[in-house]
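Trainee: pasted the sequence and its predicted model underneath.
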Amino acid sequence: MNEIMIIAPIAAIIVLGKIIAGMGAVSPLTFRETNKILYWISIPAMLLRLTAQADLGSSGNLNLLLSVHATYFILPFIAWCAGKLAGEERGRLSISALVSMRSNQVFMGLPAVSIALGDPGLRALSLFLAMSQVGYHILSVSSSQLVLSGRLSSRSVMDTFLKLLKNPLILACIVGLACSWSGLNQFPHWLDVTLKVLGDMGTGLALLSLGAGIDLSSLRGLLGATWRDCAIKLIVNPAVAYLLFIALPVENTMMQVVVLTSAMPVAVNSLAVAQGMGMDEKYAGEVITASTILSALTLPLWLRIINV
């Protein structure tokens, strides 16, 4: 599929969200409440349904687990080295480590996978999220805290783990995997349709909300201040994932899904993590905005490389 045909609808819906928010047609409060519906209902319903259909017996699952978590170790180290060479102070370095691996997998990655790869891609995405999210959150928080304070707090790691147990996306994946593993993955028709309808409404709403939250003020200065971390997130992150899959092969659709989601901009919830850990939240917000804008240039490149 032509890369432009994949990117165009994503960009159009994001721009529409920005226009709607700019006109005041929909209030910021409405978009925030919409995000809650997506987070607690729509996306968990989709993940539960698709993860239940996942093939847990695939020979590539171990390679997937190893390569993805190797990426989570490598990227914060690369970001730390790059920042050190540039003479950045510890507070800024901690943000670099945090955002180097935290992709917008849900609000942007999910719609992109849906448009580019359809249901097979969404099933692969669900399995990928189920196998990676605990490591993703714990390693991103741990590495950034290590850079910030010079030591690793067991309390912060435990707090992160306990929060994960309350995360509806992770709980949906766990229930879905349990259904798949136990063979109870043939849902009654009414339940399957209910989950599908709830899940299908999430794609467009997620992109509209993402567009509404983009702040384009001081764009030139924003890009100048964040270019290094944006380059690591948008180019180095997917490149590392792609190279690891050459050494540790997985099924082609899974490779495409992981590389594509790795190429997504910085996750919006990274701002909340930075705030909670006492980091430079202003810079975190700047990297989120800049990487979202620049991803319009880098995503077509990765779509071409992974042959979508």
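Mentor: Received, thanks.
Trainee: ok, A212 - contacts?
Mentor: For A212, the set of contacting residues under the criterion of C-beta atoms under 8 Å, 6 or more residues apart in numbering consists of 17-18, 20-21, 26, 28, 31. C-betas here are computed from N, CA, C, even on glycine.
Trainee: for the stretch 1-150 of the chain, which residues score under the pLDDT cut-off?
Mentor: Counting by pLDDT under 70, the stretch 1-150 of the chain contains low-confidence residues at 1, 55-60, 150.
Trainee: let me see the ranges of the strands in it.
Mentor: The residue ranges that make up strands in the stretch 1-150 of the chain, judged by DSSP state E, counting those that start in this stretch, are empty, as it has none.
Trainee: in stretch 215-223, what's buried?
Mentor: Neighbour counts using 16 or more other C-beta atoms under 10 Å place 222-223 of stretch 215-223 among the buried residues.
Trainee: what does that stretch rub up against?
Mentor: Contact with stretch 215-223 is made by 18, 230, 285-286, 289-290, 293-294, as judged by C-beta under 8 Å, 6+ apart.
Trainee: from those residues, which is closest to D200?
Mentor: The shortest distance between D200 and any of those, using C-beta to C-beta, involves K18 and amounts to 23.4 Å.
Trainee: count the residues that sit near the residue nearest to that closest one when sequence neighbours are not counted.
Mentor: What sits nearest to K18 in space, not counting adjacent residues and going by C-beta to C-beta, 6 or more residues apart in numbering, is G211, at 4.3 Å. Residue crowding around G211 was assessed by other C-beta atoms under 10 Å; the count is 23.
Trainee: would you mind confirming that G211 is in contact with I13?
Mentor: Yes - proximity of G211 to I13 meets the contact threshold set by C-beta atoms under 8 Å, at 6.9 Å.
Trainee: quick one: low-confidence ranges for the stretch 151-300 of the chain?
Mentor: In the predicted model of the stretch 151-300 of the chain, residues 151-153, 156-157, 160, 218 satisfy pLDDT under 70.
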